[in-house]
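# structure of the sequence below:
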Amino acid sequence: MVLALSALFALGCGSEPADRVDVGVPDSLRLPVHLVAEIGETRSGRDYEFAAINDVLVTRGGEVWVSDGGRARVVQGAEPMVRIYSPSGEFVRRVGREGAGPGEYRIPSGMAELPDGRVIVRDGELADRLTLYRNDGRLDDIWTLDSRRTWVTGSAPGAILADSSGVVYLKDSNRRRPGQLRAIWLLRIKEGATLDSIRIPVPSRPTEDDVAWVRREACENSVGFPFGPFEATVWSAGRFARACTGEYRIGIVPIEAAGKPWPDTLVIERPAEPVLMQPEVHAQTMEEFAKMLGLERSPTLPREKPILRPGGMWFGHDGSMVVGVHMPSVRTDDGWTEPWGYDLFSADGAYQGRFVLPEEFMRRGLRGDLVWGIIRDEFGVHTVRVYRISKMDHGGSGAEEG
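Residues are numbered from 1 along each chain as shown. Now for the predicted structure:
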């Protein structure tokens, strides 16, 4: 049901170019986005072919690291590998090789950069270790993990993070005992030594036979029926943010205070009104939701979209905050689409403006004026894209210190 819900949230979404849509803010707060590097089959040679990209990391020096091989064993002729590209997308070198020895990997996945420039690579199969490479691609060190724990070895945002002091945050799998709420555990490591672990609460999810929850309107109780308010959380290496999608207010606390009655140390707020759905979009959403629940008619759904967009809240590598917002849908030849609009805030909460990215863009990170991720075409072919956000020199406010 949760996967189906995500599809409904995306109903009417597409990849309308940013220069053809109303982003919902004055021109003075509009942040143009320009493509600065595209790595994939648009270039010639095997160095630009990918089987399945797991993660992308743009280092502080601007080089682009790509871990490839998530489906290497089912893609004919594919080989798992980590490669480095220049800031403009030119191939530089390959890092390590397939295997289980020092500096080798089976399925390279999530990556993170330490303050000294070393890059950590997770392995989807060799889950009991972290491999560290120097910025020139040479093997530096291997950290051994506790094999008794079930590590999340994928590349989803937050699976592995590193802060400015060199502390690494490694995501453990969800652990729950009877009677406990679902939670995510983060293990903190420095130079291979375990420091502690932190419990991160996650919003509850509906059960398959629970239909009554769609009528709940309180953010703390609802899970998120199509275009309904629900709780959203996200973490970085050091901070934890929580919000209700029905209002433009994000509370940020130190990561150690996640899930605890701790006053917000930073609050991001902006004046905003819900976006009214077009009648055709609302009717289509009701019809699809009824089919998903196996009902003849759908429960009444809101005609207004919540202010914040599900899955659109994330932290940048530099401490900045990105907040996805709902925008009016537009009609195209393929039907109704809703552009992905993002509000950008600096680490201290100052509002920078709004930018738009293609709907099919799978983000992997942001630092400074660069945002990077993966595009997958209709044939499943992966391409890396790096965009530059043209920030306006206007400053702005939108945050309160707690």
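
# helices of this protein, start to end?
For the chain, applying DSSP state H gives helices covering 2-9, 279-293.

# any idea which of the ones you listed has the lowest pLDDT on average?
Sorting those by mean pLDDT places helix 2-9 lowest, at a mean of 44.

# now residue 383: how far from residue 26?
Relative to residue 26, residue 383 is positioned 33 Å away (C-beta to C-beta, to the nearest Å). From N, CA and C alone the C-beta is placed, and that goes for glycine too.

# more crowded one of the two?
residue 383 (18 against 10; other C-beta atoms under 10 Å).

# and the more buried one, what does it touch?
Residues touching residue 383, when contacts are defined by C-beta atoms under 8 Å, 6 or more residues apart in numbering, comprise 38-42, 50, 374-377.

# would you show me how to pick out the buried ones of the residues you listed in ChimeraX?
Selecting only the buried entries of these in ChimeraX, with 16 or more other C-beta atoms under 10 Å as the criterion:
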select :38,39,40,50,374,375
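
# look up the closest residue to residue 236, ignoring the ones flanking it.
Among residues not flanking residue 236 along the chain, residue 315 sits closest, at 3.5 Å (C-beta to C-beta, 6 or more residues apart in numbering).

# how near is the one you found to residue 344?
According to C-beta to C-beta, residue 315 and residue 344 sit 12 Å apart.

# what touches both of these two?
321-322.

# centroid-wise, who is the farthest residue in the protein?
residue 296 (35.2 Å; C-alpha atoms, centre = their mean).

# next, count neighbours for residue 362.
Using other C-beta under 10 Å, residue 362 has 14 neighbouring residues.

# is it in a bridge, and if so with what?
For residue 362, the beta-bridge partners under DSSP bridges are residue 374.

# residues in contact with it?
373-376.

# and it, how far from residue 56?
Using C-beta to C-beta, residue 362 is found at 9 Å from residue 56.

# same question for residue 319.
Residue 319 is 20 Å from residue 56, by C-beta to C-beta.

# can you check residue 323 too?
Relative to residue 56, and taking C-beta to C-beta, residue 323 is found at 22 Å.

# repeat that for residue 350.
According to C-beta to C-beta, residue 350 and residue 56 sit 27 Å apart.

# more neighbours: those two, which one.
residue 56 (25 against 15).

# is it true that the more buried one touches residue 365?
Yes. Here residue 56 reaches residue 365: they are 7.1 Å apart, a contact under C-beta atoms under 8 Å.

# next, count neighbours for residue 234.
Residues near residue 234, counting by other C-beta under 10 Å: 22.

# ok, what's across the strand from it?
residue 241.

# I figured it hits residue 313, correct?
Yes. Residue 234 is within contact range of residue 313, at 4.9 Å (criterion: C-beta under 8 Å).

# name the residues contacting each of these two.
residue 241.

# burial check on residue 164, number of neighbours?
12.

# repeat for residue 172
For residue 172, the number of neighbouring residues by other C-beta under 10 Å comes to 19.

# any idea how far it lies from residue 127?
To residue 127, residue 172 is 11 Å away according to C-beta to C-beta.

# again, but for residue 359
Distance of residue 359 to residue 127, computed by C-beta to C-beta: 33 Å.

# neighbour-wise, which of the two wins?
Taking other C-beta under 10 Å, residue 359 and residue 127 do not tie; residue 127 has more neighbours (18 against 14).

# tell me the phi and psi of the more buried one?
phi -80, psi -10 (degrees, to the nearest 10).

# for residue 86, see how far away it is.
31 Å.

# same question, residue 367
17 Å.

# okay, these two: which has more neighbours?
residue 367 (18 against 13).

# skipping its backbone neighbours, what lies nearest that one in space?
Distance criterion C-beta to C-beta, 6+ apart; nearest residue to residue 367, sequence neighbours excluded, is residue 317 at 4.1 Å.

# look up the pLDDT of that neighbour for me, please.
Confidence for residue 317, expressed as pLDDT, is 92.

# and it, how many neighbours does it have?
Per other C-beta under 10 Å, the neighbour tally for residue 317 reads 22.

# report the contact partners of it.
So residue 317 contacts 113, 365-367 (C-beta under 8 Å, 6+ apart).
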